[in-house]
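S.K.: here are the coordinates; sequence isn't available:
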């Protein structure tokens, strides 16, 4: 059963649901900013900016707590059914993935501090060559998820889910190159390991974004498309 767009008899219920959805979108916007600032701090070798990213993670954690409390409160007070309950449960799961994406942005910032704070030999450009392209893909996936959630756009959610394969391939390519660099020059091992943590964080952002896209499909269409092949996901999501 697809999600209903009809207004409820009790208008306050509509207000509660709208506020919850807006809170989730606000959290998503902050997470987007965290990724952007973390990558910029790495690119600029800016330790102050990286530490600001780390400290701002507490704001995202606080929004997760608030959203979870609101979900529990709405369920307890309104006892929603059908598509309303599905909306609340989907938003609750989306919040969890957004918080974890925020953690990955914080991890990138921490690796930036570890990479540049007091070191005599920062990583060469070739070690970091895959970070910006992967970051662009990860940011596009997250932005696409938030856009799909704001417009309840299943086709956009499917597009985001399909994009995870490309990011996974980029990660595997980056990993192979970094391992090759370490084998060729053992002096790069320490810095290369830091970069591996960074590209792994970006790959995980893609995974969490795909999760969010799947929850959006479930929210709108009422079909659980987790743990299915991409062909089945597309078919289940787009069929009437």
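M.R.: Cool, the structure landed. This is a predicted model, so every value here is computed, not measured.
S.K.: low-scoring stretches of the protein, by residue?
M.R.: 1-10, 232, 236-237, 240 (pLDDT under 70).
S.K.: Recalculate using a threshold of 50.
M.R.: 1 (pLDDT under 50).
S.K.: And the helices in it, which stretches?
M.R.: According to DSSP state H, the chain carries its helices in the segments 11-44, 47-78, 82-116, 131-151, 154-184, 189-221, 230-238.
S.K.: List the buried residues of the fourth one.
M.R.: The neighbour-count check on helix 131-151 (16 or more other C-beta atoms under 10 Å) flags 131, 134-135, 137-149 as buried. (C-beta placed from N, C-alpha, C; glycine too.)
S.K.: How far away from the center of its chain is that helix?
M.R.: 8 Å (C-alpha atoms, centre = their mean, to the nearest Å).
S.K.: Between the buried residues of helix 131-151, which sits nearest residue 43?
M.R.: Here the nearest of the buried residues of helix 131-151 to residue 43, counting by C-beta to C-beta, is residue 131; it sits at 8.0 Å.
S.K.: Tell me which of the helices of the chain sits nearest to residue 123.
M.R.: Once the helices of the chain are compared by C-beta to C-beta, helix 189-221 is nearest, at 4.0 Å.
S.K.: and the residue nearest to residue 177 when sequence neighbours are not counted, what are its phi and psi?
M.R.: The shortest distance from residue 177 to any non-neighbouring residue, by C-beta to C-beta, 6 or more residues apart in numbering, is to residue 130 (6.9 Å). When read as degrees, to the nearest 10, the backbone of residue 130 gives phi -90, psi -10.
S.K.: dump the residue contacts of residue 130.
M.R.: Each residue near residue 130 by C-beta atoms under 8 Å, 6 or more residues apart in numbering is listed here: 170, 173-174, 177, 199.
S.K.: filter these to the buried ones?
M.R.: 170, 174, 177, 199.
S.K.: From residue 226, how far out is the third one?
M.R.: Look at residue 177 and residue 226: by C-beta to C-beta, to the nearest Å, they are 32 Å apart.
S.K.: likewise the first one?
M.R.: For residue 170, the distance to residue 226 (C-beta to C-beta) stands at 23 Å.
S.K.: cool, and the second one?
M.R.: Distance of residue 174 to residue 226, given as C-beta to C-beta: 27 Å.
S.K.: Next: the last one.
M.R.: Note on residue 199: its distance to residue 226, by C-beta to C-beta, is 25 Å.
S.K.: How about residue 60?
M.R.: For residue 60 relative to residue 226 (C-beta to C-beta), the value is 24 Å.
S.K.: residues contacting residue 173?
M.R.: residue 130.
S.K.: repeat that with 10 Å
M.R.: By C-beta atoms under 10 Å, 6 or more residues apart in numbering, the contact set of residue 173 is 130, 133-134, 199.
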